[in-house]
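*Asks:* Give the three-dimensional model of this entry:
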Amino acid sequence: MGVPRLGCVLVLLIGVIEWSLLAKTSAAAVTPVARTPPLSGNVENICTTNTTIGAAVLTAVNLSWPGLEVARAAAARGDAGGACAAIAAYYRTGTSASWFRLPAVRPGSGRAGGEVDMMVNTDTFSGFPSPSTPVKIPRNPDGGLEWTWYGPDNDDEFMNVLNRHSSFDELLSAWNTTGNPIYPKYFDAMVKDWVLHLPCNNASHTAASTVRCVPLGDQSGGKVCEWDAITVGGQCSTGTFESPWRSLEMGIRMAGSWPEAFFGFQQSDDFTVDARLLLLLGVSEHIKALTVDGGHPGKGTVNWEMTQWRGVLVAAGAWPELVGAAAASEMSFQYLTALLESGVYADGVETEMTSNYDMGTAADYFAALQTVAQAKLPSAPPAFAARVEAMYTYGAYVSSPIGCLPQNGDSDICSTSGFESEVSQFFDRPDWDYVKTNGAYGKHPSGLGHETPSVMFPWAGQAVLRSGYTANASWLWFDVGPFGSNAFHAHRDKLSVQLQAFGSLLLMDSGRFAYAGSSFSHDRRPYAHDTQAHNTLRIDGKQQQQAPALATTPRPNSSWTFESARDIVQGSMALWDGGLVGTATHSRSLYHQRGEWFAVVDVVSSDRGGRTVQATWHCHPNATVHVDPTTGVSAIGGVSVAAAQTPAQLTIIPGTGPSADQWASSKIVHGQLAGQDGATEDQGWYSSSYVDALPADVIVHDATLGATQKRAVFVWLLLPSPTRAAVTGASIKVTAVANTTVTAIVTVDGKAVTITVPYETP
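*Replies:* As a prediction, the model looks like this:
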């Protein structure tokens with residue numbers, strides 16, 4: 001049954017929910033509350049119909065706060081209902097948290113339409129990672145939404161996203177646009193439903209208690225918390241993966257959807273006193289639960305803990321009237337500062353090595369700076385602001401000319417921006433504007449590190465080789481850094497490259513696939529982490545190790561050079577999983593002839609012969625791909641961000657010459673599944689976003705070293721072009737191999753250039 005949308009039916013439904021869950025101390029049904037909160041007299045509201053909640057609300061609020069004199073007087077004379085009504089009136093008529101409040105909304109009867117009306121009409125919610133289509137949320141027998149449902153794909157991320165409450169913002173936006181009361185009514189019902197069904201009071205991981213409880217959804221088998229007169233809410237253990245009280249979701253709610261909706265709906269008569277009080281009580285629960293810093297699943301994960309402590313900071317700043325808010329604010333900023341110093345390298349890259357999460361974390365840190373200013377909290381130290389600025393410098397300069405971050409680790413293609421105009425203005429960085437707009441606005445980058453369009457982030461070990469800042473410029477991202485601090489989000493992709501040029505996607509990363517559930521995408525999830533899912537080499541079919549997790553020093557300056565006409569970057573990988581016999585090192589160097597072509601030099605060094613080597617080049621699912629099985633020359637058609645084919649093309653030409661090793665076979669693999677047709681592993685899959693799992697072409701080259709051969713040299717010419725045409729006369733020929741360098745002659749359009757490329761040695 002969907003939520004009733006008008007009139008007394010909604011009040012009756014909420015009355016049923018409140019009665020079944022809460023009215024254990026009262027023999028009478030819940031009485032609807034007057035729309036204009038009275039300020040005095042014996043008033044009946046949820047604080048009187050459920051004395052446990054009433055006591056919890058009055059305990060949560062600092063009644064000595066200026067402006068709460070009426071509430072304090074009512075509480076002193078034992079009038080809990082009057083005190084709670086006065087608290088609600090304080091927020092409705094006050095100006096606290098002004099940055100979240102909306103101007104007066106003109107009443108109306110129009111409808112916003114779209115997904116928000118699907119929600120209000122039929123309990124159909126959107127925005128889930130899996131499935132990506134709207135889903136109708138079932139209801140419990142007492143009428144409440146099934147907040148702990150894992151969704152049709154049995155994915156716990158479905159529950160997590162549902163409980164982040166972006167729906168609150170959607171309802172607020174719809175009401176602000178239309179003035180229609182159906183939106184605050186549905187919001188009001190959701191608040192009552194969620195807080196009543198999912199209490200988590202007196203949160204603690206360590207304090208002794210005779211009455212312990214767990215939030216609804218926890219699968220440990222403990223007593224579920226409830227608002228009754230016996231346990232006074234219980235003493236809640238938080239932080240489980242199975243519960244909506246996971247610290248990540250708590251932080252997200254406190255940092256955005258809850259304060260935005262609470263203060264945004266203040267002038268709505270349909271935001272009832274009961275819902276206002278319950279949401280306020282829920283905020284108090286969140287602050288207590290979030291400040292318990294122990295053992296939660298995201299402990300040690302920068303983006304997770306950042307969100308946790310930013311949620312505390314926002315909640316404390318928006319609701320300073322709550323008991324413990326000042327101490328929580330101070331505690332949160334101490335943690336935020338420590339996390340910024342330990343979880344973000346000096347070059348601005350977050351240690352998880354996943355660009356989408358990197359920039360999401362940057363946005364949270366910047367929002368923390370805003371909260372400090374808005375709530376008039378003690379100023380952030382200059383070093384804090386400087387590190388946040390460095391994060392956005394990374395975002396601006398690592399992004400491609402078409403505005404895409406690298407799809408490294410658990411990132412989606414072109415889904416998160418490395419640039420925000422508001423942040424650029426805050427830090428006065430017109431060079432960011434220049435890069436973002438392809439030179440249309442702002443100031444051309446200059447100064448140390450920007451002598452050329454290419455840039456190196458030495459702590460993260462990420463190099464961006466660019467031909468320029470125009471929309472058609474070529475852009476190659478090269479990973480020579482650590483694995484990453486979070487093994488769940490980082491991939492075994494060291495020495496991988498991604499390439500875009502002429503406004504087109506050319507060389508791709510395979511993406512991330514669904515984290516959990518029963519979908520086909522989730523079945524491909526292990527593949528996302530594997531080395532063969534990236535544009536690099538494998539030796540003896542082994543995977544790269546998930547190490548080192550962190551960089552302890554930056555890449556040496558000698559490992560890259562950027563000059564006006566060319567760039568050179570070197571890296572190596574010698575850590576392999578799966579029982580590699582002996583030792584083997586893959587060294588890869590990139591040579592960029594600016595604006596013309598790229599040369600890739602791969603050197604395999606081993607303590608023994610007979611090794612197998614495999615190279616993979618990944619394409620977009622919509623790309624046209626051709627491989628000459630004799631020469632190994634490949635042609636990959638360009639694809640736009642919108643997944644349409646473009647005229648652009650990338651030609652990949654394997655090296656020749658007496659000093660170059662040759663590939664024994666070159667082929668295309670497309671949508672291969674382990675266990676089918678003799679395949680031993682997945683290959684040829686692509687995930688543009690969380691739930692996607694599309695077959696895609698992968699160019700696979702295989703070779704076997706001689707029985708006594710301990711070094712092999714494979715080179716490639718990557719030749720982007722604006723149009724699709726057969727490339728003739730282009731080649732890369734290795735003429736000499738020394739202990740630390742490879743020399744080759746590159747010929748393009750009849751012009752021959754001799755290059756000497758250094759490589760790292762074991």
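*Asks:* ranges for the strands of the stretch 651-762 of the chain?
*Replies:* In the stretch 651-762 of the chain, the strands defined using DSSP state E, counting those that start in this stretch lie at 665-670, 685-686, 694-695, 697-704, 711-721, 731-737, 741-748, 751-758.
*Asks:* need those in CSV with mean neighbour count and mean pLDDT, can you?
*Replies:* Quick note: C-beta positions are derived from backbone N, CA and C, even for glycine. Formatted as CSV, the strands of the stretch 651-762 of the chain follow (neighbours: other Cβ atoms under 10 Å; pLDDT from 0 to 100):
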stretch, mean neighbour count, mean pLDDT
strand 665-670, 16, 98
strand 685-686, 28, 98
strand 694-695, 16, 98
strand 697-704, 20, 98
strand 711-721, 22, 98
strand 731-737, 19, 97
strand 741-748, 20, 98
strand 751-758, 14, 98
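*Asks:* Redo these as JSON lines? Include distance to Trp227.
*Replies:* Formatted as JSON lines, the strands of the stretch 651-762 of the chain follow (distance: least, Cβ to Cβ, whole Å):
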{"stretch": "strand 665-670", "distance to Trp227": "56"}
{"stretch": "strand 685-686", "distance to Trp227": "47"}
{"stretch": "strand 694-695", "distance to Trp227": "47"}
{"stretch": "strand 697-704", "distance to Trp227": "55"}
{"stretch": "strand 711-721", "distance to Trp227": "63"}
{"stretch": "strand 731-737", "distance to Trp227": "72"}
{"stretch": "strand 741-748", "distance to Trp227": "71"}
{"stretch": "strand 751-758", "distance to Trp227": "68"}
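*Asks:* who wins for proximity to His592 among these?
*Replies:* Taking Cβ to Cβ, strand 711-721 is the member of the strands of the stretch 651-762 of the chain nearest to His592, at 9.3 Å.
*Asks:* name the helices or strands packed onto that closest one?
*Replies:* In terms of contacts (3 or more Cβ pairs under 8 Å, 6 or more residues apart in numbering; DSSP states H and E), strand 711-721 is packed against strand 497-501, strand 597-606, strand 612-618, strand 645-654, strand 731-737, strand 741-748.
*Asks:* Relative to Gln614, which of the strands of the stretch 651-762 of the chain is closest?
*Replies:* Closest to Gln614 of the strands of the stretch 651-762 of the chain, according to Cβ to Cβ: strand 697-704, at 5.2 Å.
*Asks:* got a list of contacts for the closest one?
*Replies:* Here strand 697-704 makes contact (Cβ atoms under 8 Å, 6 or more residues apart in numbering) with 610-619, 621, 623, 625, 627, 632, 634, 636, 652, 654, 661-670, 683-684, 712, 714.
*Asks:* which of those residues are buried?
*Replies:* Neighbour-count burial (16 or more other Cβ atoms under 10 Å) is assigned, among these, to 611, 613-619, 621, 623, 625, 627, 632, 634, 636, 652, 654, 661, 663, 666, 668-669, 683-684, 712, 714.
*Asks:* Please report the distance of the closest residue to Leu506 other than its chain neighbours from Thr531.
*Replies:* Once flanking residues are discounted, Leu506 sits nearest to Leu650: 4.1 Å by Cβ to Cβ, 6 or more residues apart in numbering. Distance, Leu650 to Thr531, by Cβ to Cβ, to the nearest Å: 21 Å.
*Asks:* Next: Asp358.
*Replies:* Asp358 sits 22 Å away from Thr531, going by Cβ to Cβ.
*Asks:* again with Trp147
*Replies:* In terms of Cβ to Cβ, Trp147 sits 39 Å off from Thr531.
*Asks:* more crowded one of the two?
*Replies:* Thr531 (26 against 19; other Cβ atoms under 10 Å).
*Asks:* Next, the contact list for that one, please.
*Replies:* Taking Cβ under 8 Å, 6+ apart, we find Thr531 in contact with 492-493, 538, 542-544.
*Asks:* Could you count how many residues lie near Gly750?
*Replies:* Neighbourhood size, Gly750 [other Cβ under 10 Å]: 7.
*Asks:* how near is the residue nearest to it when sequence neighbours are not counted to Ala635?
*Replies:* Leaving aside its chain neighbours, Gly750 sits nearest to Gly729 (6.5 Å; criterion: Cβ to Cβ, 6+ apart). Using Cβ to Cβ, Gly729 is found at 15 Å from Ala635.
*Asks:* more neighbours, these two?
*Replies:* Using other Cβ under 10 Å, the more surrounded residue of Gly729 and Ala635 is Ala635, with 21 against 9.
*Asks:* For stretch 282-293, which residues meet the burial criterion?
*Replies:* Residues of stretch 282-293 classed as buried: 282-292 (neighbour count, 16+ other Cβ under 10 Å).
*Asks:* returning to what we had before: minimum distance to Thr351: which of the strands of the stretch 651-762 of the chain has it?
*Replies:* Thr351 sits nearest to strand 685-686 of all the strands of the stretch 651-762 of the chain, at 26.4 Å, using Cβ to Cβ.
*Asks:* Give me the sheet partners of that closest one and which way each runs.
*Replies:* Strand 685-686 sits in its sheet next to strand 694-695 (antiparallel), going by DSSP bridges.
*Asks:* got the contact list for the strand it pairs with?
*Replies:* Contacting residues not belonging to strand 694-695 are listed as 621, 670-671, 684-688 [Cβ under 8 Å, 6+ apart].
*Asks:* Centroid-nearest residue for this structure?
*Replies:* Tyr357 (3.9 Å; Cα atoms, centre = their mean).
*Asks:* Validate this expectation: it resides in a helix.
*Replies:* Yes - counting by DSSP: H, G, I helix; E, B strand; the rest coil, Tyr357 falls inside a helix.
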